[in-house]
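Chemist: model this:
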Amino acid sequence: MENIIKDFLSRFYSVSERPALEAQIELFSTESFLKGKKVLDATPVFRNTLNKYLVMLACGMDLTVGYGGKIPYDAEIVAFLRSIGVRTVENGTADETFDFVLDCAGVNADVETEYGVSELTRSGFYQYQDKNKKVFLADSSRIKSIETALGTGDGFLRAMQKLGYGDLRGRKIIIFGCGKVGFGVAMYCAENGADVYAVDDWQNRSVPHKFHMVSRFDRRQIDDLTADAFCVVSATGIYGGLTQTLDLQKLVKSDALIANIGVEDEFAGLISKKRILNDNQPLNFILEEPTHLKFIDPTMALHNAGMKILFNAADGEKFILPDEKINDFYLNIVRKHGIINKELDMLEKYSCQE
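Modeler: Residues are numbered from 1 along each chain as shown. As a prediction, the model looks like this:
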């Protein structure tokens with residue numbers, strides 16, 4: 001099945017779009033401790049995710065792919081995996097123990113695991129706070145900014161273009177939440193001429209001068225801004241994250257486009273899905289490739305690398321953060337062999353700090 005996936009992917013991607021995963025295939029194939037281990041991978045299943053599975057298959061791991069639940073996925077890719085013999089299971093329903101769980105948004109927080117969980121998202125952190133498991137937090141890394149800031153920002157822009165809203169010049173865009181995801185959306189909007197207002201608690205963040213800073217506690221200013229906004233974007237990553245920040249009923253009645261760029265329902269069901277672009281699913285998931293492989297490659301490699309870190313982690317460890325050594329290792333590979341140096345320079349130019 002590994003060769004079938006390789007042949008399929010060769011029609012769409014070059015090696016330069018997946019330098020980190022390509023290097024990891026060679027690196028991990030010599031790791032005997034992975035051979036035969038059972039792994040559940042819940043990375044959102046799209047065509048580019050197939051590149052991630054090649055690492056585990058090259059190691060001789062027993063791979064199960066998790067799909068769905070609240071995580072968007074491509075049904076055709078799930079069908080393709082089944083057709084070549086890869087086991088699939090709906091997220092949150094597995095009733096067996098895996099050696100490793102590579103999770104996303106904590107959708108498999110109740111699945112039993114021998115060595116621990118490598119969690120892809122910040123929202124997933126909250127799902128594991130009361131679980132007695134080792135958790136490697138791939139989101140807490142500089143590498144993740146490549147996917148969440150550059151990749152998601154690029155995906156947001158491409159999705160807006162697909163919907164016919166690609167001309168952002170001079171248009172007011174309000175972004176709630178300026179973590180890595182919100183920052184990426186703000187950066188791409190600013191680069192394309194939008195008038196960007198970033199709403200957050202600015203006591204613990206800094207923001208580039210091209211964005212207007214708005215305190216999330218300033219309801220009067222927020223209501224004034226959203227009254228004539230072109231687009232309001234939710235990027236807090238928290239369920240109901242916008243319910244205490246602005247008047248949702250006024251927003252519904254306004255002419256503003258409403259977009260969600262995360263997997264959580266940040267409106268807590270108080271706004272009809274039909275009023276929100278892409279029915280309140282992450283906006284970039286209207287695209288065949290929500291995040292280009294060239295941006296998500298190092299994150300997927302880091303997510304995989306969590307297995308080795310978990311295997312070697314000491315008993316009693318809870319949340320494990322990526323260290324600078326592993327960040328530098330994969331960033332150097334991307335800089336040397338990848339094709340996103342121009343975008344990496346743009347990320348440094350805006351240099352948002354959390």
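Chemist: Surely residue 2 touches residue 59?
Modeler: No - Residue 2 sits out of contact with residue 59 when judged by CB atoms under 8 Å, with a separation of 10.4 Å. In short, each C-beta sits where N, CA and C put it, glycine included.
Chemist: Quick one: neighbours of residue 244, just the number.
Modeler: Counted with other CB atoms under 10 Å, residues neighbouring residue 244 total 10.
Chemist: next one: residue 340
Modeler: Neighbours around residue 340, by other CB under 10 Å: 23.
Chemist: Touching, it and residue 294? I think so.
Modeler: Yes - at 5.2 Å, residue 340 and residue 294 qualify as touching, with contact defined as CB under 8 Å.
Chemist: higher neighbour count, residue 2 and residue 59?
Modeler: For residue 2 versus residue 59, neighbours defined as other CB under 10 Å are more numerous around residue 59 (24 against 14).
Chemist: burial count for the residue nearest to the more buried one when sequence neighbours are not counted?
Modeler: Among residues not flanking residue 59 along the chain, residue 34 sits closest, at 4.1 Å (CB to CB, 6 or more residues apart in numbering). When neighbours are counted by other CB under 10 Å, residue 34 registers 22.
Chemist: Then residue 349?
Modeler: The number of residues near residue 349, taken as other CB under 10 Å, comes to 11.
Chemist: List the buried residues of whichever helix in the chain runs longest.
Modeler: Looking across the chain with DSSP state H, the single longest helix is helix 293-312. By 16 or more other CB atoms under 10 Å, the buried positions in helix 293-312 come out as 293-311.
Chemist: Also stretch 113-132?
Modeler: Neighbour-count burial for stretch 113-132 flags 113, 115-128 (criterion: 16+ other CB under 10 Å).
Chemist: Equivalent analysis for stretch 88-108, please.
Modeler: So stretch 88-108, judged by 16+ other CB under 10 Å, has buried residues 88-89, 91-92, 94, 98-108.
Chemist: Next, give me the two most distant ones among the residues you listed.
Modeler: 99 and 105 (21.0 Å; CB to CB).
Chemist: before we move on, the earlier item: identify those among the buried residues of stretch 88-108 that sit within strands.
Modeler: 88, 89, 98, 99, 100, 101, 102, 103 (DSSP state E).
Chemist: element containing the residue in the chain sticking out farthest from the centre?
Modeler: Relative to the centre of the chain, the most outlying C-alpha is that of residue 220, 31.8 Å out, by CA atoms, centre = their mean. Taking DSSP states H and E as the criterion, residue 220 maps to helix 219-227.
Chemist: Which strands or helices does that helix pack on?
Modeler: When contacts are defined as 3 or more CB pairs under 8 Å, 6 or more residues apart in numbering; DSSP states H and E, helix 219-227 sits against strand 172-176, strand 212-215, helix 248-253.
Chemist: Pick the most deeply packed of those.
Modeler: Comparing the helices and strands packed on helix 219-227 by mean neighbour count (mean count of other CB atoms under 10 Å), strand 172-176 comes out on top with a mean of 24.
Chemist: which other helices and strands contact that strand?
Modeler: helix 180-191, strand 195-200, helix 219-227, strand 231-234.
Chemist: Mind doing that once more with 10 Å?
Modeler: If you count contacts as 3 or more CB pairs under 10 Å, 6 or more residues apart in numbering; DSSP states H and E, strand 172-176 packs onto helix 152-162, helix 180-191, strand 195-200, strand 212-215, helix 219-227, strand 231-234, strand 257-260.
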